[in-house]
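Participant: Curious how this folds, go ahead:
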Amino acid sequence: MIGGFAEVMGSEFRGPEEVRSFLLELGENLGWSASPESIREAGERVVVIVRTVGVGGANGAFASLRWGQVYAFRDGKVSAVEDYFEAEQALEAAGLRE
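Facilitator: Residues are numbered from 1 along each chain as shown. Below is the predicted model of the structure:
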């Protein structure tokens, strides 16, 4: 991973099973769910805008985050994922706009 979330979650996951395991654990521990809002091609990259929602464990407050990912590919496989706390930042990184 490259970008904002790498500092929080680590920078490298090897293979689909590691990624899947991490995401399932994150969802179970935090009670959050995420779904793609849009998927756009940007040349040889793909931008995914994600909506994450959940309820805080300590206070029960509802929270929502709209963020983005830019996927790069090598030999038909994902080679890097850039994460951005703001959806617009992901679009700009890939040369796109809302």
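Participant: in its sheet, what does whichever helix or strand Trp67 is part of sit against?
Facilitator: Trp67 is part of strand 62-74 when elements are defined by DSSP states H and E. Strand 62-74 pairs in its sheet with strand 45-55 (antiparallel), strand 77-84 (antiparallel), by DSSP bridges.
Participant: For stretch 55-71, could you pull out the residues that count as buried?
Facilitator: 67-71 (16 or more other C-beta atoms under 10 Å). The way it works is simple: take the backbone N, C-alpha and C, and place the C-beta from them, glycine included.
Participant: Pipe these into a markdown table and attach pLDDT per row.
Facilitator: Putting those into a markdown table (pLDDT from 0 to 100) gives the following:
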| residue | pLDDT |
| --- | --- |
| Trp67 | 91 |
| Gly68 | 93 |
| Gln69 | 92 |
| Val70 | 95 |
| Tyr71 | 94 |
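Participant: between those residues, which is closest to Arg51?
Facilitator: Of all the buried residues of stretch 55-71, Arg51 sits closest to Trp67, with 8.4 Å by C-beta to C-beta.
Participant: Contacts only, for that closest one.
Facilitator: When contacts are counted by C-beta atoms under 8 Å, 6 or more residues apart in numbering, Trp67 touches 49-50, 52, 83-87, 90.
Participant: Pull up the gap between it and Glu86, please.
Facilitator: Between Trp67 and Glu86 the computed distance is 7 Å (C-beta to C-beta, to the nearest Å).
Participant: I'd like the distance from stretch 79-97 to the chain centre, please.
Facilitator: Offset of stretch 79-97 from its chain centre (C-alpha atoms, centre = their mean, to the nearest Å): 10 Å.
Participant: Could you check that stretch and say which residues are buried?
Facilitator: Result for stretch 79-97 [16+ other C-beta under 10 Å]: buried residues 81-84, 87, 89-94, 96.
Participant: just stretch 13-22 next, same as before
Facilitator: Phe13.
Participant: then it to CSV, C-alphas only?
Facilitator: What follows is stretch 13-22 as a C-alpha-only set of coordinates in CSV (Å, rounded to 0.1, in the frame of the first residue of the first chain):
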residue,chain,number,x,y,z
PHE,A,13,0.2,-7.6,1.9
ARG,A,14,1.3,-10.6,-0.1
GLY,A,15,-1.4,-12.4,-2.1
PRO,A,16,-5.2,-12.3,-2.1
GLU,A,17,-5.5,-14.4,1.1
GLU,A,18,-3.5,-11.8,3.2
VAL,A,19,-5.6,-9.0,1.8
ARG,A,20,-8.9,-10.8,2.4
SER,A,21,-7.9,-11.8,5.9
PHE,A,22,-6.9,-8.2,6.8
